[in-house]
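# quick one, what's the 3D model for this:
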Amino acid sequence: MSTFSWYHSSRHEGGMGLENFISISTDILSPSQSIADNETLLSAGETFQLGFFSPSNSKNRYLGIWYYNISPQTTVWVANRNHPLNDSSGVMKIGGDGNLILVGHTGTVIWSTDLQNMSSKTTVAQLLDSGNLVLRDDSNENAESYVWQSFDNPSDTMLAGMLGWDLRIGLNRYLTSSKSADDPSPGEFSHGVDPRGLPQTVLRKGSAKQFRSGPWDGVQFSGIRMTANPLFIPKVVADPEEFCYEYDLYNESTLTISMLSSSGALQRLVWSSSSLGWPVIYTLPNDQYWDVLIWSGGCVRTNPLNCPRVEGFIALEGMKLPDFLEFWMNTSMTLKDCRKECLKNCSCTAYANSNATGGGNGCLLCFGDLIDIRKLTEYDSNQKLYIRVTA
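As a prediction, the model looks like this:
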């Protein structure tokens with residue numbers, strides 16, 4: 001039988017002040033339990049908490065996850081973004097079909113994991129120290145086999161291991177901005193991994209592309225001016241099963257998140273225990289010509305290519321690589337052979353190393369227009385872009 005303890009929690013900055021909660025002293029919710037408005041789940045390592053909250057200047061109630069014992073409250077996930085409760089009657093529990101559900105005072109389902117044809121009704125919900133809320137089959141000996149997880153349904157905040165594509169089932173995990181600080185319903189901006197071409201992240205307003213990170217070059221995204229930091233190592237996983245952006249922390253005690261604001265700014269934040277706040281490490285887009293739809297600051301060729309006559313290449317260092325809609329890649333080819341391969345094809349407009357790790361290796365050929373390339377003022381990669389020109 002679970003035990004309970006009382007504690008006080010501060011809400012959002014400028015919000016409702018202190019509230020009393022009953023914290024269930026477990027990270028697991030079984031079918032015989034429920035979470036009412038004044039109750040919470042607490043992850044095993046006391047890193048994250050799940051319960052009901054109201055934004056700063058709103059009386060609506062939402063089911064969400066936030067960092068435990070950090071004030072002002074920092075919410076990282078919201079379940080019922082589109083369907084707020086207008087009172088404190090909400091209850092989270094496991095339904096008769098094994099789904100995790102949120103019901104209002106009339107018993108109407110406000111939100112659900114909505115899994116169809118579940119093979120097991122013996123499910124339990126668990127809040128992990130990663131901030132992931134998972135639903136799993138309690139009869140399955142593999143405790144890491146989930147039938148549903150909140151990481152597959154992000155809100156406006158990215159935690160480690162949350163962003164990208166599961167290619168096996170066609171699942172796209174991406175951030176969606178909130179409408180405002182007082183309204184967590186989905187706004188007009190989104191940020192995620194683009195599975196077309198080479199791995200890169202894209203910020204969109206509606207369906208229109210606003211900013212892209214540039215392709216991953218083995219070290220970093222080629223279009224992001226970012227100096228090395230002592231907090232985390234960014235990485236991209238690209239294989240037949242997944243296409244994801246992740247990061248590894250140098251120190252597991254570091255608390256860092258990426259948040260997509262309602263105005264379309266993607267900010268990397270880190271918790272400071274000395275200032276008791278979340279200072280911003282960087283903000284994207286960080287370029288005055290960041291909108292890829294605005295070409296007033298761009299350039300075009302003065303002399304068109306005249307293939308198959310003699311042509312050469314100019315080498316540009318510290319460039320954001322183009323938006324590769326058409327490309328060819330060979331990870332073992334030398335840069336010298338890459339040049340020869342590009343010259344064989346009149347449609348090849350540029351080439352580069354496919355991987356900038358170490359001294360650079362592999363071959364990447366670009367075909368067609370060179371869209372959205374630019375010189376970056378801060379760039380510590382040794383990768384060069386070789387653009388085809390008339391001799």
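
# and the end-to-end length of stretch 175-184?
Using C-alpha to C-alpha, to the nearest Å, one end of stretch 175-184 lies 12 Å from the other.

# which residues are in contact with it?
Applying C-beta atoms under 8 Å, 6 or more residues apart in numbering, the external contacts of stretch 175-184 come out as 12, 55-58, 62, 64, 75, 78, 81, 154-158, 163, 185-192, 258, 260-264, 266. Heads up, the C-betas are built off the backbone N, CA and C, glycines and all.

# stretch 271-284 now?
Around stretch 271-284, the neighbours that count as contacts under C-beta under 8 Å, 6+ apart are 67, 70-71, 74, 203, 211, 213, 224, 226, 229, 231, 254-257, 265-270.

# rewinding a little: list only buried entries from the contacts of stretch 175-184.
12, 55, 58, 62, 64, 75, 78, 81, 154-158, 163, 185-187, 189-192, 258, 260-262, 264, 266 (16 or more other C-beta atoms under 10 Å).

# quick one: the strands in the stretch 101-250 of the chain, in order.
Using DSSP state E, counting those that start in this stretch, the strands of the stretch 101-250 of the chain run over residues 109-112, 123-127, 133-137, 146-149, 157-158, 163-166, 171-173, 175-180, 183-194, 200-205, 208-212, 232-238, 242-249.

# redo those strands as CSV? Include distance to residue 47 and mean pLDDT.
Putting the strands of the stretch 101-250 of the chain into CSV (distance: least, C-beta to C-beta, whole Å; pLDDT from 0 to 100) gives the following:
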stretch, distance to residue 47, mean pLDDT
strand 109-112, 23, 96
strand 123-127, 9, 95
strand 133-137, 13, 95
strand 146-149, 16, 94
strand 157-158, 14, 96
strand 163-166, 20, 88
strand 171-173, 21, 92
strand 175-180, 21, 97
strand 183-194, 21, 95
strand 200-205, 26, 92
strand 208-212, 31, 88
strand 232-238, 17, 84
strand 242-249, 13, 86
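
# between the ones you listed, which one is nearest to residue 323?
The stretch from those with the least distance to residue 323 (C-beta to C-beta) is strand 208-212; that distance is 6.3 Å.

# buried residues, the closest one. List them.
Judged by neighbour count (16+ other C-beta under 10 Å), strand 208-212 contains these buried residues: 209, 210, 211, 212.

# correct me if wrong: the second one contacts residue 264.
Yes - counting by C-beta atoms under 8 Å, residue 210 sits close enough to residue 264 to count as a contact (6.6 Å).

# any residues in contact with both of the two?
Common contacts of residue 210 and residue 264 (C-beta under 8 Å, 6+ apart): 189, 203.

# domain parsing for this protein?
1-153, 154-297, 311-390 (automatic domain parsing).

# select, out of those domains, the one closest to residue 304.
Among these, the nearest to residue 304 by C-beta to C-beta is domain 311-390 (7.7 Å).

# the most centrally placed residue in the chain pairs with what?
Central residue of the chain (C-alpha atoms, centre = their mean): residue 163, 3.7 Å from the mean position. Per DSSP bridges, the residues bridged to residue 163 are residue 245.

# list the contacts of it.
Counting by C-beta under 8 Å, 6+ apart, residue 163 makes contact with 154, 173, 174, 175, 192, 193, 201, 244, 245, 246.

# wait, which of the strands of the stretch 101-250 of the chain is closest to residue 361?
Set against residue 361 and scored by C-beta to C-beta, the strands of the stretch 101-250 of the chain come closest in strand 232-238, at 16.2 Å.
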